[in-house]
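> Pasting the sequence and the predicted model now:
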Amino acid sequence: MRVAKRARKVEGGESCAIPAEKSIVVICFDPGAGQGAVPRALAALGLDSVPDKNSRWFEPGLLTVKLDGAVSQEAQERLAKAPGVRQVAAMPAGHRLVTQPRSREEAAVRLSNGAVIGGGTLAMIAGPCSVESEKQVCEIAAMAKAAGAVALRGGAFKPRTSPYSFGGLGERGLEFLARAREKTGMPFATEALEVSQLDVVARYADMIQIGSRNMSNFPLLFKAGAQAEGKPILLKRGYASTIEEFLDAAEYVLLGRMLAGAERPNLIMCERGIRTFETATRFTLDVAAIPIVHERTHLPVVVDPSHPAGDRRYVAPLARAAVAAGADGLLIEVHTDPDRAWCDGDQSLAPDALGKLMVDLRRLAPFVGAL
Ligand code: PEP
Ligand code: MN
């Protein structure tokens, strides 16, 4: 679905101006920079060494250093020119790449079919909770496209609360998703559960989903950001995580991106409900997260109304609330036969319900474009 919304005002994030009392310097070294590169880089900052507690290696090529005091512009330039140094970022301690000012255009995610997430249009991503067969996913993809979705979703590696529940078809599921893309032209998002799955998922998928249960899997976040193909990442909020923790999780992805020399964040933040004392719904959709994440970062914000609803009757109202609060897109579970779905059928929309929701959203979107 592509519905014109009024352009959102582009605000600055937090200022990255140095001076500061403490700073963080992130140094990305060239692969094969050699042993001497680190002392030379530190010398450029006027340091002989840094205590272990003030430094951290993320990978053999990425060092973060915590410094007392500000980093001068000259020191940054010296460091950037030091042999073996590929990239440098300096920020006052407490500031983050995720809150760095950038234009909404730069932060928007562009998909292979020309769809843009975060570009001032509302993007619908729809599909089954899990891939069950080639026929199932191709039929659902065609139905979602006909309703106006711009991308498909579907799990091939499923995080399940019980070890005895269906865990997804694995790579075969990715093949079926790729087949659905071939038939419909729709790019797809699918989840990688662990670092060892990143390569295979990146090989097939257009967007890599990191699920709610993995929002605090820091090596996965970092590696997903750094993974060679630079595929967009759809990061779901941990259901027991604060918005600040959500932003810190995004920071890991962006650090990984930096190591890979990526120019664009290519990261979508997804609010999907948090656990509260309320039991009438599966989770509580935190609608306030939409404007708050928008205020603190320029990254696109997509909302999944299916998992908080837990029941298909509540999906459309939550979707409308998300759009009214400024969501850049929706991630919705749909199924051609929800009552027979292998996973999350209760919260899956049938084709007619998706069609009706799209009609409502098309009417609503032009009125709520501005934050
Ligand atoms: C999903 O989108 O299929 C999923 C498992 O969602 P979450 O990680 O938000 O529970
Ligand atoms: Mn699901």
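Looks like it arrived, so ask away. Numbering: from 1, shown residues only. Ligands and ions are numbered 1, 2, ... in the order given.
> How many residues are close by Pro163?
Burial of Pro163, expressed as a neighbour count using other CB atoms under 10 Å, amounts to 6. Yep, even glycine has a C-beta here, placed from its N, CA and C like the rest.
> Point out where this structure drops to low pLDDT.
For the chain, the stretches with pLDDT under 70 are 1-20, 228, 369-371.
> How about the residues of the stretch 251-371 of the chain by ligand 2?
Residues of the stretch 251-371 of the chain found near ligand 2 (CB under 5 Å from the ion) are Asp344.
> Check the stretch 251-371 of the chain for the residue nearest ligand 2 and tell me.
In the stretch 251-371 of the chain, no residue comes nearer to ligand 2 than Asp344, which is 3.6 Å away by CB to the ion.
> Show me which residues of the protein are close to ligand 1?
129, 155, 159, 211-213, 236, 272, 304, 307 (CB under 6 Å from any ligand atom).
> So what does the residue of the stretch 101-250 of the chain found nearest ligand 1 look like in phi/psi?
Minimum separation of the stretch 101-250 of the chain from ligand 1 (CB to the nearest ligand atom) falls at Gly211, amounting to 2.9 Å. As for Gly211, its main-chain torsions (degrees, to the nearest 10) stand at phi -80, psi 170.
> any idea how far Gly168 is from it?
Applying CB to CB, to the nearest Å, one obtains 12 Å for the distance of Gly211 from Gly168.
> same check, this time on Ser241
24 Å.
> How about Asp328?
Here the criterion is CB to CB. By it, Asp328 lies 27 Å from Gly168.
> out of the two, which sits in the more crowded spot?
Of the pair Asp328 and Gly168, Asp328 is the one with more neighbours under other CB under 10 Å, namely 29 against 25.
> What's the end-to-end length of stretch 95-110?
End-to-end distance of stretch 95-110 (CA to CA, to the nearest Å): 27 Å.
> Now do it: distance to the chain's middle.
For stretch 95-110, the gap between its own C-alpha mean and the chain's C-alpha mean amounts to 12 Å (CA atoms, centre = their mean, to the nearest Å).
> which of the residues in it are buried?
When burial is assessed from 16 or more other CB atoms under 10 Å, stretch 95-110 yields the following buried residues: 95-100, 102, 104, 107-109.
> Next: stretch 157-169.
Buried-residue list, stretch 157-169, by 16+ other CB under 10 Å: 157-158, 167-169.
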